[in-house]
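*Asks:* Sequence first, predicted coordinates after that:
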Amino acid sequence: MIFKGILSVASLMFLLNECYSQFSDNHINNFQKEIIEEEITGSNVALVYKENKIVYYNIENSLKKGDKSIDSETIFPIWSMSKPITIVAMITLYERGLIDFDDLVSKYIPSFDKLICKNDDGSIYKCKKELKIIHLMNHTSGFKYYDDYYIEALASETLEDFVSKISKHPIEFEPGEKYLYGINQSILGRIVEVASGQLFYDYLKEVIFDPLEMEETKFYLTEDDKDHFQPLFINNGIIKGFSDEGVTGKGDILTYDMSKKVHLGGEGLVSTFMDYFKFCRMLLNGGTYDGRKVISQESIDMMVQKQTDGYPYEDKSFVDLVGFYNAFSLFVLEEPINDLNASIGIFGWAGYHNTVFWIDPEKSMFALFMSRSLPSNWGMKKRFMKAVYKEY
């Protein structure tokens, strides 16, 4: 089934609720069924949008005990697919002249003026270089995901309090030295607060979520939301099954409690498939959604510029993303990959619980996939990419 034309929000909601397209001999549908059969994940949903129409959309429900069937109200934790949203928020500040990427972080958060660096032998010293916003945008700050990160987030009252604690942690190398995926978006969230004079979530809502009508994208779950929260499927060799207990799979550390104000820009958002569809459509459409401009095409071009090489040139980059370089918290395909057949220049990112999206400017296309499972599986996400390019 192909859905043609620019669809209204109401029409899309109806389609996501009611329509199940059946592709008995389609590579994408086969992929969706296979990852359930292989016990990689449970129920999942996939969509391809090309040249202003939905050319593929399918929900594949596992119908297994403990799983839930997906519909338009299903809420997913999007984990690191929060990062591109935080980057877009920073871009809006840049476009408004409220920040510059070469600004020192200490201009906004004074506690970052005395950073501690690590030597190779583990000893520490006062960093010689100062941390800039650009280092947070492109993951060259030296901040990694340290062991107590989530515990400190849970124990903090505000993002200001939490980021102050972060500034006391030694970083792995001098700022700007090399790539290391880490907690940068949490610090960026606090910069958003200082530069805008608003709470991080309030700013996201004003400049991104409201214009894009992303009504279910937020840092918390209401009691009603919990009924629509997709269960976590775990198959780690020791545990196998679906769990509603421990909403994150990390000991319930991300509680999604409405009272908590420590909003993590790197992993803290929940969303629906429909909401993230709108975010992707905005990126594909040069920063505009249904006539409402969020950012400019020039800014999107800046977001996808090469910041650092991928693996193996950056040894801490992602092994599974050979052929891609690192942009502003985005992967960008730089080199042809024979078995992938994807367009050069596609960009996107993925989430810890096996969600993924990418934008293909050359084909005027984007693809979006959501499920909820552990362990996180880059190979599965690349299988989705291969399936899409076999069809489109």
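*Replies:* Structure received.

*Asks:* distance of Ile344 from Glu37?
*Replies:* The spacing between Ile344 and Glu37, counted by CB to CB, to the nearest Å, is 33 Å. Any C-beta I mention is one placed from the backbone N, CA and C, and that applies to glycine too.

*Asks:* So between the two, which is more surrounded?
*Replies:* More neighbours surround Ile344 than the other of Ile344 and Glu37, with 14 against 8 (other CB atoms under 10 Å).

*Asks:* Asn29 should be in a strand, yeah?
*Replies:* No: judged by DSSP: H, G, I helix; E, B strand; the rest coil, Asn29 forms no part of a strand; its state is helix.

*Asks:* Just give me the neighbour total for it.
*Replies:* 19.

*Asks:* How about Ser299?
*Replies:* Neighbour count of Ser299, defined by other CB under 10 Å: 17.

*Asks:* So it sits against Glu95, correct?
*Replies:* Yes: Ser299 lies in contact with Glu95 (CB atoms under 8 Å); the separation is 6.2 Å.

*Asks:* Distance-wise, check the residue nearest to Met365 when sequence neighbours are not counted relative to Phe324.
*Replies:* The shortest distance from Met365 to any non-neighbouring residue, by CB to CB, 6 or more residues apart in numbering, is to Lys50 (4.1 Å). Per CB to CB, Lys50 is found 21 Å from Phe324.

*Asks:* What of Gln230?
*Replies:* 28 Å.

*Asks:* Ok, Ile109 next?
*Replies:* Ile109 is 31 Å from Phe324, by CB to CB.

*Asks:* ok, now Val332?
*Replies:* Counting by CB to CB, the gap from Val332 to Phe324 is 6 Å.

*Asks:* And Leu374, by the same measure?
*Replies:* From Leu374 to Phe324 the distance is 23 Å (CB to CB).

*Asks:* If you count surrounding residues, which of these two has more?
*Replies:* The residue with more neighbours, out of Leu374 and Phe324, is Phe324; 23 against 19, by other CB under 10 Å.

*Asks:* If you drop the residues flanking it in sequence, what lies closest to the more buried one?
*Replies:* Phe331 (4.3 Å).

*Asks:* next SSE after the strand or helix carrying Leu188?
*Replies:* According to DSSP states H and E, Leu188 maps onto helix 184-196. Using DSSP H and E, the helix or strand that follows helix 184-196 in sequence is helix 200-204.

*Asks:* Quick one: end-to-end distance for stretch 354-372.
*Replies:* Criterion CA to CA, to the nearest Å; first-to-last residue distance in stretch 354-372 is 6 Å.

*Asks:* so where's the stretch 251-392 of the chain uncertain?
*Replies:* 251-253 (pLDDT under 70).

*Asks:* Run through the strands of it in chain order.
*Replies:* Using DSSP state E, counting those that start in this stretch, the strands of the stretch 251-392 of the chain run over 270-272, 288-289, 292-293, 324-326, 331-333, 347-351, 355-360, 365-370, 373-374.

*Asks:* separation between Glu152 and Asn338?
*Replies:* From Glu152 across to Asn338, the span is 44 Å (CB to CB).

*Asks:* The two: which has the busier surroundings?
*Replies:* More neighbours surround Glu152 than the other of Glu152 and Asn338, with 17 against 6 (other CB under 10 Å).

*Asks:* Could you double-check that that one sits in contact with Val163?
*Replies:* No: using CB under 8 Å, Glu152 is not in contact with Val163, being 10.1 Å away.

*Asks:* what about the closest residue to Phe173 other than its chain neighbours, distance to Val88?
*Replies:* Using CB to CB, 6+ apart and skipping the chain neighbours, the partner closest in space to Phe173 is Gly142 (4.9 Å). Distance, Gly142 to Val88, using CB to CB: 24 Å.

*Asks:* Ile208 too?
*Replies:* Taken as CB to CB, the span from Ile208 to Val88 is 6 Å.

*Asks:* Could you tell me which residues touch both of the two?
*Replies:* Common contact partners of Ile208 and Val88 (CB atoms under 8 Å, 6 or more residues apart in numbering): Val294.

*Asks:* Pull the contacting residues for the closest residue to Met137 other than its chain neighbours.
*Replies:* Using CB to CB, 6+ apart and skipping residues adjacent in sequence, the residue nearest Met137 is Phe328, 4.9 Å away. Contact partners of Phe328, counting by CB under 8 Å, 6+ apart, are 87, 137-138, 302-305, 307.
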